[in-house]
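# task: produce atomic coordinates for the following.
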Amino acid sequence: MNIAPENATFRSTCPHDCPSCCALDVEVLPGDRIGRVRGSKDNSYTAGVICAKVARYAERIHHPDRLMHPLVRTGGKGDGEWRQASWAAALDLIAERFEAAEREIGAEAVWPYYYAGTMGQVQRDGINRLRHARRYSGQFDTICTNMAWTGFVMGTGKLAGPDPREMALADCVVIWGTNAVSTQVNVMTHAIKARKERGAKIVVVDVYQNDTADQADLALILKPGTDAALACAVMHVAFRDGHADRDYLARFSDDPAGLEAHLQTRDPAWAAAITGLTVADIEAFAKLVGTTNRSFFRLGYGFTRNRNGTAAMHAACSIPTVLGSWRHEGGGAFHNNGGIYGFDKTEIMGLAEEDPEVRSLDQSKIGRVLTGDAEALCGGPPVAAMLIQNTNPMNVMPEQALVRQGFARDDLFVAVHEQFMTETAEMADVVLPATMFMEHDDIYRGGGHQHVMLGPKLIDGPGETRSNHFVIEELGKRLGVAGRPGFGKSEQELISGMLADSGYDETYETLREKGWIDVQPDFDTSHYANGFGHPDGRYRFRADWTGTPAPDRPPETLGPQGPVAALPSFPDHIELADAPDAEHPFVLATSPARSFLNSTFAETPGSVKKEGRPEVLMHPDDAVEHGLGDGDTVALGNSRGEVHLHLKLSQKPARGTLIAEGLWPNKAHPNGCGINTLTSADSVAPYGGAPIHDTKVWVRALGG
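Just a heads-up that it's a prediction; the model follows:
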């Protein structure tokens, strides 16, 4: 049903990116179509600005290649031979195959698999309701947040920080490890406002001169995995030059004397040798933040997605504590506000029936899981059947050679619920057509801000598209769990129920009227003026890596991950990264593209046109040394395989660093192997996570 008989504008929420979660004004046209999509000027964080790819959303939602009907495979896996089926027949087949896997192997042979293609609480997380009711294998999420959240909460004790709108009130904004121009445009909105209105300086710390670094007053381009060394040198200078707020440290930190003693040898010269920065730049950065009370550290995810990442986040987050920046409006460190919302998703996720004894499989290790790796399977049975929603593992997960091998198994049954025929859908046995965010109801929370936001259904989906919630409800009926808690309710009922269970006064109806609610805590709470989130109220410089609660702590069946013993007790640089060697002289970072979001938008003509083709950026001096030229077709390789793409010479990366922007489909590469062929699923200490920006490679020419 089209709710608008003629052109009208309605509020919505972008579902594609948890930090931004932008508030939208969507023009709805007759005939279940949308027109222009704008950022809402009424929302104080979005402030009327959204990224270009979402502004063009009409080209995605009305794309002619959208899946319209359920399909059942008739040929070999990946051959592209399908027959159209009814929804009832397709769902019956899925239920039959799940029940067969349970009879033959056990319930843990079924693995519901999902992630964040939508950030909506109902449409994303409802798959867990089916998982827990049937005792299917659990999923340990590791592809995104583990290192960042663990490192931040190790210091602060809570996943929260100053109001991110305070960036506009800062005198120095440090954007560390996130290309905000491409991936979090609202960060730039508030940082640029501070520059225009207050003369604030913008500092960018990253591994290449990206679009955000181009906007900086000071851009610090360091070697991948060396961020903690920079942070330690800045704190060394703070103690050395009298910038450390000793009164604040005595009141609010655990061991400032121990930290100061530890940092005695971590001076700018030491850090320069590790990071590749100059001593002068490190000194200038340290002086700037040390003499600027209103220094706002906006800490991203990118710099944590390597084997040194957890320690790097803890070290960077420690700088404003040494300086006492938290005391000031427009100062402190912000990473994610996930700790302020208090959502109780027991009903949505079926948590009342969760059994901690059921194994959890590492999301990033899907290639190892599906190829029978005993350790990845936690010593349990093989996975024989899957339901996949909101993710495209045949493109986005590391160790793609193993992922491809696993999905090619004749004895693996896969059902994929998708909007387009992705590379994962191509390997499925059953493909179900999915709605997009304007075609169903959901509720969102902003990781990078402070709003609870509604995304109401605005138009009907085309063809026979159905929501994720519909699929879980229908499978619940067929699998005998329709009467379990959380089943049998509409999206709207689940939204209202979650809000009530979480202590909110709002319902679906009242939130639809308002669009969003602002739940930012007061200044003292946000700035930890009454103490940090640990029981003693003190910031932790001295890390207890496995004894401290963390948002991404693995289930007990998995325990700590990676080389935990190598983690430092105080903020420090560690040598765990995939360092280059004689055979692999380069470190590859797989950075986001401006017009893609992981594999989303790689199907829309506007985004593809803007990105061009798969390329790897290399410093010209490295190209000369290796006999390579601009535009050459090159192979990048390591022990996991090789990827073919075009070389683009650029001053943006430092020597020895390669940058591949954007997650192109595997088939977009000349040899059919995408960039995640090269990345590793090894666990980062202490609580897992994939080191996707930490990959050593060799390079050779293939021709022009």
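
# least trustworthy helix or strand in the chain by mean pLDDT?
Between all helices and strands in the chain, the lowest mean by mean pLDDT, DSSP states H and E belongs to helix 605-611, at a mean of 85.

# which residues touch the helix or strand just after that one?
Toward the C-terminus, helix 605-611 is succeeded by strand 615-618 as the next helix or strand (DSSP states H and E). By CB atoms under 8 Å, 6 or more residues apart in numbering, the surrounding residues in contact with strand 615-618 are 208, 586, 588, 628, 634, 636, 645-650, 652-653, 658-661, 699. Where C-beta positions appear, they are placed from N, C-alpha and C, glycine not excepted.

# avg pLDDT for the helix or strand just after strand 615-618?
As assigned by DSSP H and E, the chain's next helix or strand after strand 615-618 is helix 620-625. Per-region confidence: helix 620-625 scores 97 on mean pLDDT.

# what comes up buried for helix 620-625?
Of all the residues in helix 620-625, those buried under the rule 16 or more other CB atoms under 10 Å are 622-623.

# so where's this structure uncertain?
1-6, 703-704 (pLDDT under 70).

# please name every helix or strand in contact with the longest helix along it.
When secondary structure is assigned using DSSP state H, the longest helix within the chain turns out to be helix 87-104. Identification of packing neighbours for helix 87-104 by 3 or more CB pairs under 8 Å, 6 or more residues apart in numbering; DSSP states H and E yields strand 71-73, strand 110-114, strand 385-389, strand 413-418, strand 430-433, helix 468-478.

# ok, back up a step: out of the contacts of strand 615-618, which are buried?
Members of those that pass the buried threshold by neighbour count (16+ other CB under 10 Å) are listed as 208, 586, 588, 628, 634, 636, 645-650, 652-653, 658-661, 699.

# show me where the stretch 301-450 of the chain has its helices.
Read by DSSP state H, counting those that start in this stretch, the stretch 301-450 of the chain holds these helices, from start to end of the chain: 309-323, 346-349, 366-370, 393-396, 400-407, 423-426.

# report the buried residues of the fifth one.
Buried residues in helix 400-407, counted by 16+ other CB under 10 Å: 400-404, 406-407.

# cool, the second one as well?
Of the residues in helix 346-349, those scored as buried under the neighbour-count criterion (16+ other CB under 10 Å) are 346-349.

# could these go into CSV alongside distance to residue 63?
Formatted as CSV, the entries for these read as follows, by distance: CB to CB, whole Å:
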residue, distance to residue 63
346, 36
347, 34
348, 29
349, 31
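
# now, among those, which is nearest to residue 50?
Nearest to residue 50, judged by CB to CB, of the buried residues of helix 346-349 is residue 348 at 27.0 Å.

# hang on, the closest one packs against residue 122?
Yes: taking CB atoms under 8 Å as the definition, residue 348 is a contact partner of residue 122 at 5.8 Å.

# okay, and the common contacts of these two?
The overlap between the contact sets of residue 348 and residue 122 (CB under 8 Å, 6+ apart) consists of residue 494.

# quick check: buried residues in the host helix or strand of residue 274?
Residue 274 is located in helix 268-275, with elements delineated by DSSP H and E. Using 16+ other CB under 10 Å as the test for burial, helix 268-275 gives 268, 270-272, 274-275.

# one step back: from the contacts of strand 615-618, which land in strands?
Residues of the contacts of strand 615-618 located in strands (DSSP state E): 586, 588, 634, 636, 645-649, 658-659, 699.

# just the residues you listed now: which is nearest residue 568?
Nearest to residue 568 among those is residue 588, at 25.5 Å by CB to CB.

# what sits opposite the closest one in the beta ladder?
Partner residues in beta bridges with residue 588: residue 658, residue 695, with DSSP bridges as the criterion.

# how about the contacts made by it?
Residues counted as contacts of residue 588 (CB under 8 Å, 6+ apart) are 616, 636, 657-660, 675, 678, 695-697.

# and residue 500, how many neighbours does it have?
Residue crowding around residue 500 was assessed by other CB atoms under 10 Å; the count is 14.

# skipping its backbone neighbours, what lies nearest it in space?
residue 507 (7.6 Å; CB to CB, 6 or more residues apart in numbering).

# surely that neighbour is in contact with residue 499?
Yes: assessed by CB under 8 Å, residue 507 is found in contact with residue 499 at 6.4 Å.

# what about these two, which has more around it?
More neighbours sit around residue 499 than around the other of residue 507 and residue 499, counting by other CB under 10 Å; the figures are 21 against 16.

# look up which helix or strand that one falls in, please.
helix 491-501.

# packing partners of that helix?
Taking 3+ CB pairs under 8 Å, 6+ apart as the contact definition, the neighbouring helices and strands of helix 491-501 are helix 121-125, helix 346-349, strand 442-445, helix 508-514.

# swap in 6 Å and give it another go.
Using 3 or more CB pairs under 6 Å, 6 or more residues apart in numbering; DSSP states H and E, the elements in contact with helix 491-501 are helix 346-349, helix 508-514.

# hey, C-alpha coordinates of it in CSV?
Once non-C-alpha atoms are left out, helix 491-501 reads as follows in CSV (Å, rounded to 0.1, in the frame of the first residue of the first chain):
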residue,chain,number,x,y,z
GLU,A,491,7.2,-5.7,13.5
GLN,A,492,5.2,-2.9,15.1
GLU,A,493,4.3,-5.0,18.1
LEU,A,494,8.0,-6.1,18.6
ILE,A,495,9.1,-2.4,18.4
SER,A,496,6.6,-1.3,20.9
GLY,A,497,7.4,-4.3,23.2
MET,A,498,11.1,-3.6,23.1
LEU,A,499,10.7,0.0,23.9
ALA,A,500,8.5,-0.9,26.9
ASP,A,501,10.9,-3.6,28.1
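
# rewinding a little: would CSV of the buried residues of helix 400-407 with distance to residue 94 be doable?
Supplementary listing: the buried residues of helix 400-407 in CSV, determined by distance: CB to CB, whole Å:
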residue, distance to residue 94
400, 26
401, 28
402, 25
403, 21
404, 23
406, 19
407, 17
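
# state the pair within the residues you listed that is farthest apart.
Among those, the pair separated by the greatest distance (CB to CB) is 401 and 407, which sit 11.3 Å apart.

# ok, back up a step: tabulate the helices and strands packed on helix 87-104 in JSON lines, adding columns for mean neighbour count and distance to residue 232.
JSON lines is the format used below for the helices and strands packed on helix 87-104 (neighbours: other CB atoms under 10 Å; distance: least, CB to CB, whole Å):
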{"stretch": "strand 71-73", "mean neighbour count": "19", "distance to residue 232": "54"}
{"stretch": "strand 110-114", "mean neighbour count": "24", "distance to residue 232": "38"}
{"stretch": "strand 385-389", "mean neighbour count": "25", "distance to residue 232": "42"}
{"stretch": "strand 413-418", "mean neighbour count": "25", "distance to residue 232": "45"}
{"stretch": "strand 430-433", "mean neighbour count": "26", "distance to residue 232": "50"}
{"stretch": "helix 468-478", "mean neighbour count": "22", "distance to residue 232": "45"}
